[in-house]
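A.B. asks: Following is a predicted model, sequence given first.
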Amino acid sequence: MSNLKLFFRESWLLLVSSVLFGGLLALTDAAWRPRIQQNEINKFSNLARTLLPAAETFEHLADPIQIPDDKGRPMLVDVRRGLDASGACAGWAFVCEGSGFADKIKLVVCVDAKFEILTGFQVLASNETPGFGDKITIQNGFYQAQYKGAPAERLTLHKAGDSKLIDSEIIAITGATVTSQAVVDILNAYVTPIKEQLRQKGFLQ
């Protein structure tokens, strides 16, 4: 009993501090989460418009798209349809993510209205190595440029080749093969399954 009293006497400040700071963190998270989510929505729209300039708005699908994750479990993907000024479909946009070299990589990916051609990707979040892996964030850089006009199908990575040739073969960033492969893997995990789901739901011919 004396040991228990000693424990509370010596650690009460730590216990109270833990509860207090835990509560403050929870309150801060609750207060800032809506703004953080809105900022991410705004960033998504801005990035998607650079990839689908004809799209004036992006609408959520009433019927969510569900694909398997890397462990085969069902995963919901927020696929949005880009609409032009007349209300016609200008293309499709969605967020996809996966593991990179240093941390998670989150991308905004866009494809044309028929879901046949990639119009490119932009990086929504990444902590890849400065000077190497972070080259995936360079808009219109040689790495991103390879995806603009590439087929919306399975891609493969190569360490050497003609990066100006737009096809399903992507040339890696020198010194950042892991990051380069990560982007290819992320797109492969999302593009074809999303396309199949959109076709099954009648959005594509």
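C.D. replies: Received the coordinates, thanks. No experiment lies behind these values; they were computed from the predicted model shown.
A.B. asks: Let me know the next secondary structure element after the top strand by length along the chain.
C.D. replies: Identified as the longest strand of the chain according to DSSP state E is strand 89-99. Following strand 89-99 in sequence order, the next helix or strand is strand 104-111 (DSSP states H and E).
A.B. asks: That following strand pairs with which strands?
C.D. replies: Strand 104-111 has the following sheet partners, assigned by DSSP bridges: strand 89-99 (antiparallel), strand 118-125 (antiparallel).
A.B. asks: Now tabulate those strands in CSV and tack on distance to K159, mean neighbour count and mean pLDDT.
C.D. replies: (Glycine included, C-beta is placed from N, CA and C.) Below are the strands paired with strand 104-111 laid out as CSV (distance: least, CB to CB, whole Å; neighbours: other CB atoms under 10 Å; pLDDT from 0 to 100):
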stretch, distance to K159, mean neighbour count, mean pLDDT
strand 89-99, 20, 21, 95
strand 118-125, 20, 21, 95
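A.B. asks: Mind putting these into a markdown table with distance to K106?
C.D. replies: Converted to a markdown table, those look like this (distance: least, CB to CB, whole Å):
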| stretch | distance to K106 |
| --- | --- |
| strand 89-99 | 4 |
| strand 118-125 | 4 |
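A.B. asks: L52 is in contact with A93, correct?
C.D. replies: Yes: between A93 and L52 a contact is recorded at 6.4 Å, counting by CB atoms under 8 Å.
A.B. asks: and for those two, which residues touch both?
C.D. replies: Between them, A93 and L52 share the neighbouring residues G82, C110, with contact defined by CB atoms under 8 Å, 6 or more residues apart in numbering.
A.B. asks: Same question for the closest residue to A172 other than its chain neighbours, what's its three-state structure.
C.D. replies: Leaving out its chain neighbours, the residue that sits closest to A172 by CB to CB, 6 or more residues apart in numbering is S180, at 3.8 Å. Of the three states, S180 takes helix under DSSP: H, G, I helix; E, B strand; the rest coil.
A.B. asks: Just give the number of residues close to S180.
C.D. replies: Residues near S180, counting by other CB atoms under 10 Å, number 26.
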